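A.B. asks: Provided below are the primary sequence and the corresponding predicted coordinates.
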Amino acid sequence: MGTHFILVTIAIMALASTLVSASDPSPLQDFCVAINNSDVFVNGKVCKDPKLATADDFFFSSLLTPQSTSNPVGSKVTPVNVMQILGLNTLGISLARIDFAPYGLNPPHTHPRATEVIVVLEGTLYVGFVTSNTDNRLFTKVLYPGDVFVFPQGLIHFQFNNGKTNAVALAALSSQNPGTITVANAVFGSNPRISDDVLAKAFQVDKKVDFCVAINNSDVFVNGKVCNDPKLATADDFFFSGLLTPQNTSNPVGSMVTPVNVMQILGLNTLGISLARIDFAPYGLNPPHTHPRATEIIVVLEGTLYVGFVTSNTDNRLFTKVLYPGDVFVFPQGLIHFQFNNGKTNAVALAALSSQNPGTITVANAVFGSNPMISDDVLAKAFQVDKKVVDHLQAQFWYPNN
Ligand SMILES: *[C@@H]1O[C@H](CO)[C@@H](O)[C@H](O)[C@H]1NC(C)=O
Ligand SMILES: *[C@@H]1O[C@H](CO)[C@@H](O)[C@H](O)[C@H]1NC(C)=O
Ligand SMILES: *[C@@H]1O[C@H](CO)[C@@H](O)[C@H](O)[C@H]1NC(C)=O
């Protein structure tokens, strides 16, 4: 019994220390749009004057455009990181599109600063990652459209199109600048050649554990979730399917969020990233809300969305943009934002969020639908309206769409 207690204590302490993980530094202001080619070198990029920021600093288009894969490996990565969206600076997240010819390969590589979550849009991919020394276990899975898979931070991984048609995947990465080290290129193509001693060191990953697959309903409460024994992990712990399945939007707001976070993929625990699908009926709204623990980057797959976010006090500046399929937009961490389908057809977006559990605070639900209700004296003063207006708002049903 005593020994058992000590082991559990050590396990929890070990977990707690791994939770201080290496990821991008937290933002110290609403955003810090990068100056692209500054002479000043800092960790990340120097910010431009926030007053000069516009919605276009958070925007990128044509991510749904197929790319040429006529090259020796038969694959092409289209990054959407801080080089393409200067507003991603300090926000700890980015996207990429990966095109594959039949039998095309995204060769074994690592992202030194990011966990990657991919969703297959078209075709079939055989994917895998290898854990660090001394186990070097290979986890593999065949992915079909709508399937989601996680490559934990720093681990060597690959994607191979094992089908006769083209394949396309979207990847979210938990860094504004994840970096890529392609194993063959770095090891056999470096100039000059590097010694075996140095290579052995270079391939070590500085995390204490490669991953920490969550125990879903543990009685032990920590920051995040308690890890399962790593020996029991399987590829399915990093997998989710059906993300391309349209969802029912027959509800008062006309939108539905399908989260793919640590509750759906237990292997996301400690890795600082997650996905979501958002379906919109015509004129459907994802109402003003914030994610207390995440920056969000969305890509529109279908339809048209009018989106925006508001900076914090005392400016409260609104940044808006109309997005079409392939367009990408960033909602900086913690800021209130919304997405509205201003078209006559359904709309669909995929979102990546820089937390395993971003959380959502829908403004109307939290303020006028809390349990128990916030006193109408407080709200009447806060919103500078008559108490009757507050009572009316508090009497509404505030539909939770996520
Ligand atoms: C930033 O500079 C790089 C290199 O000069 C260029 O490729 C990139 O397109 C620029 N990004 C933006 C958003 O202007
Ligand atoms: C969608 O949800 C509504 C309300 O819950 C329900 O009445 C309707 O049957 C559902 N539609 C489909 C296609 O499942
Ligand atoms: C974890 O538990 C929650 C609530 O009990 C459940 O909704 C969810 O599907 C579970 N996740 C997995 C991956 O088993």
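C.D. replies: Ah, there it is. Note that the structure is a prediction, hence the values are computed from the model and not measured. Ligands and ions are numbered 1, 2, ... in the order given.
A.B. asks: for the helix or strand that contains residue 258, packing partners?
C.D. replies: Counting by DSSP states H and E, the secondary-structure element that holds residue 258 is strand 255-260. Here strand 255-260 is seen to pack against strand 274-280, strand 285-290 when contacts are counted using 3 or more C-beta pairs under 8 Å, 6 or more residues apart in numbering; DSSP states H and E. No exception for glycine: its C-beta is placed from N, CA and C like everyone else's.
A.B. asks: quick one: closest of those to ligand 1.
C.D. replies: strand 274-280 (24.3 Å; C-beta to the nearest ligand atom).
A.B. asks: how much space between residue 383 and residue 314?
C.D. replies: When distances are taken as C-beta to C-beta, to the nearest Å, residue 383 and residue 314 turn out to be 17 Å apart.
A.B. asks: these two: which is more packed in?
C.D. replies: A side-by-side neighbour count of residue 383 and residue 314, using other C-beta atoms under 10 Å, places residue 383 first with 13 against 5.
A.B. asks: which ones are touching the more buried one?
C.D. replies: When contacts are counted by C-beta atoms under 8 Å, 6 or more residues apart in numbering, residue 383 touches 389-390.
A.B. asks: that older thread, pick out the shakiest of the helices and strands packed on strand 255-260, pLDDT-wise.
C.D. replies: Taking each of the helices and strands packed on strand 255-260 in turn, the lowest mean pLDDT turns up on strand 285-290, with a mean of 93.
A.B. asks: who's in contact with that strand?
C.D. replies: By C-beta under 8 Å, 6+ apart, the residues outside strand 285-290 that reach it are 253-255, 257, 278, 280, 334-341, 360-364, 401.
A.B. asks: just the buried members of those?
C.D. replies: 253-255, 257, 278, 280, 334-341, 360, 362, 401 (16 or more other C-beta atoms under 10 Å).
A.B. asks: okay, and which of these map to strands?
C.D. replies: Using DSSP state E, the subset of the buried ones among the contacts of strand 285-290 located in strands is 255, 257, 278, 280, 336-340, 362.
A.B. asks: mind putting those residues into JSON lines with distance to ligand 3?
C.D. replies: Below are those laid out as JSON lines (distance: C-beta to the nearest ligand atom, whole Å):
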{"residue": "255", "distance to ligand 3": "21"}
{"residue": "257", "distance to ligand 3": "15"}
{"residue": "278", "distance to ligand 3": "19"}
{"residue": "280", "distance to ligand 3": "24"}
{"residue": "336", "distance to ligand 3": "27"}
{"residue": "337", "distance to ligand 3": "26"}
{"residue": "338", "distance to ligand 3": "26"}
{"residue": "339", "distance to ligand 3": "25"}
{"residue": "340", "distance to ligand 3": "29"}
{"residue": "362", "distance to ligand 3": "20"}
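A.B. asks: on the three-state scheme, the closest residue to ligand 1 within the chain is what?
C.D. replies: Distances between the chain and ligand 1 by C-beta to the nearest ligand atom are smallest at residue 36, namely 3.8 Å. Local secondary structure at residue 36 is given as coil here, using DSSP: H, G, I helix; E, B strand; the rest coil.
A.B. asks: that one reaches residue 84, doesn't it?
C.D. replies: No: when contacts are counted by C-beta atoms under 8 Å, residue 36 is not listed as touching residue 84 (10.2 Å).
A.B. asks: what about those two, which has more around it?
C.D. replies: Neighbour comparison, residue 36 and residue 84: the larger count goes to residue 84, with 16 against 12 (by other C-beta under 10 Å).
A.B. asks: now that one: how far from residue 328?
C.D. replies: Note on residue 84: its distance to residue 328, by C-beta to C-beta, is 8 Å.
A.B. asks: need the residues touching each of the two.
C.D. replies: Common neighbours of residue 84 and residue 328 (criterion: C-beta under 8 Å, 6+ apart): residue 60.
A.B. asks: what about the protein, any weak spots by pLDDT?
C.D. replies: Judged by pLDDT under 70, the chain has its weakly predicted residues at 1-22, 133-134, 187-189, 191, 193-209.
A.B. asks: what residues go with each domain of it?
C.D. replies: Each domain of the chain is listed here as a residue range: 2-240, 255-394, per automatic domain parsing.
A.B. asks: report how many residues lie close to the residue nearest to residue 379 when sequence neighbours are not counted.
C.D. replies: Excluding its sequence neighbours, the residue lying closest to residue 379 (C-beta to C-beta, 6 or more residues apart in numbering) is residue 390, at 4.4 Å. Using other C-beta under 10 Å, residue 390 has 23 neighbouring residues.
A.B. asks: do residue 86 as well
C.D. replies: As a burial measure, the neighbour count of residue 86 was computed by other C-beta under 10 Å and equals 22.
A.B. asks: how near is it to ligand 3?
C.D. replies: 37 Å (C-beta to the nearest ligand atom, to the nearest Å).
A.B. asks: so who does the residue of the chain found nearest ligand 3 touch?
C.D. replies: Distances from the chain to ligand 3, computed as C-beta to the nearest ligand atom, single out residue 216 as the nearest residue at 3.8 Å. Residues in contact with residue 216 (C-beta under 8 Å, 6+ apart) are 225, 263, 266.
A.B. asks: next up, the contacts around the second one.
C.D. replies: Going by C-beta under 8 Å, 6+ apart, residue 263 touches 216, 357.
A.B. asks: and the helices in the stretch 301-402 of the chain?
C.D. replies: Per DSSP state H, counting those that start in this stretch, the stretch 301-402 of the chain carries helices over the ranges 363-368, 376-383, 387-394.
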